[in-house]
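> starting from these lines, generate the structure:
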Amino acid sequence: MDPKRWPNILSATRIALMPAVLLMAMAGSRPWFVAMLAISLLTDAVDGFLARRFNAFTEFGRKLDSAADYLTMITGIAGIALLWPDIVHRELPWIFTGLVAFFSVVVYGFVRLGRAPCYHTWVAKLGAIGCVASMGPLLAGHSATPFHVVMVLQILGGIEELAIALLLPSHVGEMPSLWHAGRQRREDLARLEPVRGRRDPAPK
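Residues are numbered from 1 along each chain as shown. As a prediction, this is how the structure comes out:
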């Protein structure tokens, strides 16, 4: 099998696991829910590594990975709400704010660009790792502070992605940060400048 297909297979596997993850939550099995959700999140880390390792970046792959991310997040929150309702009720303002920040750029993308941007910025990746790490102390009842820090990071990431969408409205593919978007915009303008010079009529 072509190794370039492996990232997409892992993303599809993550999507296929979600019904089982939700079933474990509905059955009230906290250990199995956590274990299967952890496996799903592990595939997210591995498919990104494989995509970079084999240079397997495609538009379809980016969309599939993003769809798997969205579905995993929604399923994870739904499962946590079923298994740890008291914690979800207590942290609801933080959860709601984080979701708004996460999905605002998706909504903007579909309304203005006709697609989800799928930037996969460094901040977004760091937030995903931090979210997984913060679940342990949060669900164990030790401390909600790591989760709050991750939600602040999620808000900053959402703002950054909206800024990238405004700066590069036609960009397709990954964009590590707003700084990279600014550099890309300067390069695009530099390429367009000679074309504009040829099109402009000579002054009389």
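
> the helix or strand of the chain with the lowest mean pLDDT packs against which elements?
Sorting the helices and strands of the chain by mean pLDDT, DSSP states H and E puts helix 178-199 at the bottom, at a mean of 82. Applying 3 or more C-beta pairs under 8 Å, 6 or more residues apart in numbering; DSSP states H and E, we find helix 178-199 packed against helix 145-167. In this view, the C-beta of every residue, glycine as well, is placed from N, C-alpha and C.

> quick one: residues in contact with the helix it packs on.
When contacts are defined by C-beta atoms under 8 Å, 6 or more residues apart in numbering, helix 145-167 is touched by residues 91, 94-95, 97-98, 100-102, 104-105, 108-109, 112-113, 117, 119, 121, 123-124, 126-127, 130-131, 133-135, 137-138, 171, 175, 177-178, 181-182, 185.

> at 7 Å instead, please
Contacting residues not belonging to helix 145-167 are listed as 91, 94, 97-98, 101-102, 104-105, 108-109, 117, 119, 121, 123-124, 126-127, 130-131, 133-134, 137-138, 175, 178, 181-182, 185 [C-beta atoms under 7 Å, 6 or more residues apart in numbering].

> quick check on those: which are buried?
In the contacts of helix 145-167, burial by neighbour count holds for 91, 94, 98, 101-102, 105, 108-109, 117, 119, 121, 123-124, 127, 130-131, 134, 138, 175, 178, 181, counting by 16 or more other C-beta atoms under 10 Å.

> helices - which of those land there?
The helices, defined by DSSP state H, take in 94, 98, 101-102, 105, 108, 123-124, 127, 130-131, 134, 138, 178, 181 from those.

> between these, which is closest to residue 85?
residue 138 (13.6 Å; C-beta to C-beta).

> isn't the closest one right up against residue 130?
No: judged on C-beta atoms under 7 Å, residue 138 makes no contact with residue 130 at a distance of 11.6 Å.

> backbone phi and psi for residue 120, please?
phi 50, psi 50 (degrees, to the nearest 10).

> now it: closest residue in space that isn't a chain neighbour?
In space, and not counting its chain neighbours, residue 120 is closest to residue 174: 4.8 Å by C-beta to C-beta, 6 or more residues apart in numbering.

> what about the one you found, neighbour count?
Residue 174 has 17 neighbours, counted by other C-beta atoms under 10 Å.

> residue 41 too?
19.

> look up how far residue 129 lies from it.
Taking C-beta to C-beta, to the nearest Å as the measure, residue 41 falls 9 Å from residue 129.

> same question, residue 33
20 Å.

> between the two, who's got more neighbours?
Taking other C-beta under 10 Å, residue 33 and residue 129 do not tie; residue 33 has more neighbours (24 against 13).

> before we move on, which element is the nearest residue to that one once chain neighbours are set aside in?
In space, and not counting its chain neighbours, residue 33 is closest to residue 24: 4.2 Å by C-beta to C-beta, 6+ apart. Taking DSSP states H and E as the definition, one finds residue 24 inside helix 6-26.

> care to break this protein down by domain?
Taking automatic domain parsing as the domain assignment, the ranges for the chain are 1-83, 90-197.

> residues contacting residue 84?
Here residue 84 is in contact with residue 139 (C-beta under 7 Å, 6+ apart).

> since that was my last question, I'll sign off now.
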